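1. coords please:
(4 chains)
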Number of protein chains: 2
Amino acid sequence: MTDSPQAPTRFPVTVDIVALTVRDNALNVLLITRLIEPFRGRLALPGGFVLAGEGLEEASIRELAEETGVERVPGHLEQLQSYGPQGRDPRGDVLTVAHLLLAPDFPVLSAGSDAEHAAWYPVGHVLDGATELAFDHGRILADAVERARSKLEYSPLGAAFCGEEFTIAQLRAVYEAVWGTRLDPRNFHRKATGNPGFLEDTGRMTAGDAGRPAALFRLAAQARSAAGEPVRAVLNPPLMRPNS
Amino acid sequence: MTDSPQAPTRFPVTVDIVALTVRDNALNVLLITRLIEPFRGRLALPGGFVLAGEGLEEASIRELAEETGVERVPGHLEQLQSYGPQGRDPRGDVLTVAHLLLAPDFPVLSAGSDAEHAAWYPVGHVLDGATELAFDHGRILADAVERARSKLEYSPLGAAFCGEEFTIAQLRAVYEAVWGTRLDPRNFHRKATGNPGFLEDTGRMTAGDAGRPAALFRLAAQARSAAGEPVRAVLNPPLMRPNS
DNA sequence: CTGAATTATTGTCAATATGACGATAAGTAT
DNA sequence: ATACTTATCGTCATATTGACAATAATTCAG
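-> Have a look, this model is predicted:
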């Protein structure tokens, strides 16, 4: 780390959060509608400036709370990548540290006061160009989705989209939504339950749904932190996407 | 992206570069000796402040050039992660965007003028606590090494440690050094050459070394950019580390 | 010049993982 | 009761993996 003779340039730093969830068997992203210029009326990722004395993750959690009303992080939060500082904001250089949140479907503060209105949008409608996001958020979203897709292969993070307990079919629906492919239920069942250190049978079953009741699983102890969030780095063997 | 009513806090932003290479069958990292406080005399990652009008990668390349004398990026450079801004530097809040460089062994400007003296150090000596780095650079290095290790599994990036052309044994030596394991030469040969879109036979052979001459390979076209740097995201099937 | 040593490369074989799909189990809907 | 729906277990051919034998093509030691 070289130190400049004169005071270094300082940059405004923001965090942006790509919150992903699975709704109606499709991958959705949490977006807000901008009420001010630039990009007024456009959809954008939730986020905002990092305040003095604040860490990056801390800032992300605060912004998420401010814009969606959630009191605690509802899933797995990790840093994605930083972008900038140049050419991102017409008002000037801004460095942003993008974060990725993988969470079960949670309700957002949709009763828009004069704050930005936040809501879930299918990722497909954004990635295929039908909806253009503000700033470079389209690119950030694309990077986030690719990260999520590969995380499902090599980590137990797919479970972050489910609640505390879930069935194999629910987990499979997550994989299908994120990867955009159909998976054979029988082979998926074998691989998910057969992967050592991934899932743990709770002994409980679903009831009331159509069809045979399904066993409820949770993440295995090695795969979750004290907070219940998945931590174990790798899934071995990996659950690879078909085809490619 | 919420906009604060008053001017947002601005932070000094640095880039730090974790330059890794393989020397004498061991993973090495490029470190500089700090000549000023804080952490005077301690080893640290090369890096420095991002200047106004500069991008993150651009700043990394500039700092690398300033501190090692290389004129061009000698390998694969990618962003690692951002750290901070709190609790990293005793002088105050500094956000740093760490970068990872995977490169063949290259000579560094070791004739220390009054600039920091840069040199290669075996990663093992640092990770096992024998050498303490300045700031939070020990943690950054640990993250970088873990990233490199998993990159070798899922991407063709192992080749970034080799030159333009290399033998399978040289590539295997990279894997062994980075993973810290021994690999069966015959099985590695089969997997490396059998992976579609990974390697390309140049038709040329080594000569003069002990033992049977080895075929020289290069990265397949799909796996490298115009600059010759590996780009193809995934290696399929992956080359997994043994054991775990 | 010859055999020993060294390294590269091809092959073999059993164990394991994978993809495709059949069969059965255990519920709800009619 | 019968149909329908979903979960779960099983089977089988094929592909991949790890362990290791065999062979090829050099340099090195004498």
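2. what separates A:Ala210 from DNA strand C, distance-wise?
-> 5 Å (CB to the nearest atom of the strand, to the nearest Å). (Glycine included, C-beta is placed from N, CA and C.)
3. actually A:Phe39, not the one I wrote
-> Separation of A:Phe39 from DNA strand C (CB to the nearest atom of the strand): 42 Å.
4. Tell me who's in contact with that residue.
-> If you count contacts by CB atoms under 8 Å, 6 or more residues apart in numbering or on different chains, A:Phe39 has them with A:134-135.
5. Equivalent analysis for A:Asp201, please.
-> A:215-217.
6. Equivalent analysis for A:Tyr83, please.
-> A:Tyr83 neighbours (CB under 8 Å, 6+ apart): A:95-96, A:98, A:136, A:139-140.
7. For the top helix by length along chain A, list every residue counted as buried.
-> Taking DSSP state H as the criterion, chain A has its longest helix at helix A:137-154. By 16 or more other CB atoms under 10 Å in any protein chain shown, the buried positions in helix A:137-154 come out as A:137-138, A:140-141, A:143-145, A:147-148, A:150-154.
8. need the strands for chain A, in chain order.
-> Ranges of strands within chain A are A:10-23, A:26-33, A:43-44, A:47-49, A:76-83, A:95-102, A:117-122, A:199-205, A:215-219, based on DSSP state E.
9. Any residue of the fourth one touching chain B?
-> Yes - using CB under 8 Å from any CB of the partner chain, a contact is recorded between strand A:47-49 and chain B, made by A:47-49.
10. Give me the distance between the two termini of stretch A:154-170.
-> 19 Å (CA to CA, to the nearest Å).
11. Now do the residue nearest to A:Arg23 when sequence neighbours are not counted: how many residues are near it, please.
-> Nearest residue to A:Arg23, sequence neighbours excluded (CB to CB, 6 or more residues apart in numbering or on different chains): A:Asp105, at 5.1 Å. Under the neighbour criterion other CB atoms under 10 Å in any protein chain shown, A:Asp105 is assigned a count of 16.
12. ok, A:Asp105 touching A:Asp24?
-> No - with contact defined as CB atoms under 8 Å, A:Asp105 and A:Asp24 do not form a contacting pair (9.2 Å).
13. Sketch out the low-pLDDT regions of chain A for me.
-> A:1-6, A:110-115, A:226-234, A:243-244 (pLDDT under 70).
14. Domain-wise, how is it divided?
-> Chain A is divided into the following domains under automatic domain parsing: A:13-152, A:156-223.
15. so of the ones you listed, which one's packed in deepest?
-> domain A:13-152 (a mean of 19; mean count of other CB atoms under 10 Å in any protein chain shown).
16. at contact distance from DNA strand D, anything in that one?
-> No - for domain A:13-152, no contact with DNA strand D is found by CB under 7 Å from any atom of the strand; the gap never falls below 11.9 Å.
17. first to last residue in that domain, what's the distance?
-> 30 Å.
18. Stretch A:157-170 now?
-> Note: stretch A:157-170 ends 14 Å apart using CA to CA.
19. Give me the distance from that stretch to the chain's centre.
-> 14 Å (CA atoms, centre = their mean, to the nearest Å).
20. Now tell me what touches it from outside.
-> By CB under 8 Å, 6+ apart, the surrounding residues in contact with stretch A:157-170 are A:20-22, A:75-76, A:102-104, A:148, A:151-152, A:171, A:174-175, A:178, A:185, A:188-189, A:192-193, A:199, A:202, A:204, A:206, A:214-219, A:223, A:228-230, A:239.
21. how about a cut-off of 7 Å?
-> With CB atoms under 7 Å, 6 or more residues apart in numbering or on different chains as the test, stretch A:157-170 has contacts from A:21-22, A:75-76, A:102-104, A:151-152, A:171, A:174-175, A:185, A:188-189, A:192-193, A:202, A:204, A:206, A:214-219, A:228-230.
22. Check stretch A:140-156 too.
-> Outside stretch A:140-156, the residues that reach it (CB under 7 Å, 6+ apart) are A:16, A:18, A:20, A:29, A:45, A:80-81, A:83, A:98, A:100, A:102, A:123, A:126-127, A:133, A:157-158, A:175, A:178-179, A:198, A:219, A:223, A:230, A:232-235, A:238-241.
23. switch to 8 Å and redo it
-> Residues contacting stretch A:140-156 (CB under 8 Å, 6+ apart): A:16, A:18, A:20, A:27, A:29, A:45, A:80-81, A:83, A:96, A:98, A:100, A:102, A:123, A:126-127, A:133, A:157-158, A:174-175, A:178-179, A:198, A:219-220, A:223, A:230, A:232-235, A:238-241, B:150, B:154, B:233-234.
24. Make JSON lines out of the strands of chain A and add distance to B:Leu56.
-> Output for these, formatted as JSON lines (distance: least, CB to CB, whole Å):
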{"stretch": "strand A:10-23", "distance to B:Leu56": "11"}
{"stretch": "strand A:26-33", "distance to B:Leu56": "24"}
{"stretch": "strand A:43-44", "distance to B:Leu56": "21"}
{"stretch": "strand A:47-49", "distance to B:Leu56": "18"}
{"stretch": "strand A:76-83", "distance to B:Leu56": "6"}
{"stretch": "strand A:95-102", "distance to B:Leu56": "8"}
{"stretch": "strand A:117-122", "distance to B:Leu56": "29"}
{"stretch": "strand A:199-205", "distance to B:Leu56": "39"}
{"stretch": "strand A:215-219", "distance to B:Leu56": "35"}
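25. Enumerate the residues of chain A near DNA strand C.
-> A:184, A:186-187, A:190-191, A:207-213, A:237, A:240, A:242.
26. who's in contact with A:Val126?
-> Counting by CB under 8 Å, 6+ apart, A:Val126 has contacts A:29, A:31, A:43, A:133, A:138, A:141.
27. do A:Arg23 as well
-> A:105, A:120, A:122.
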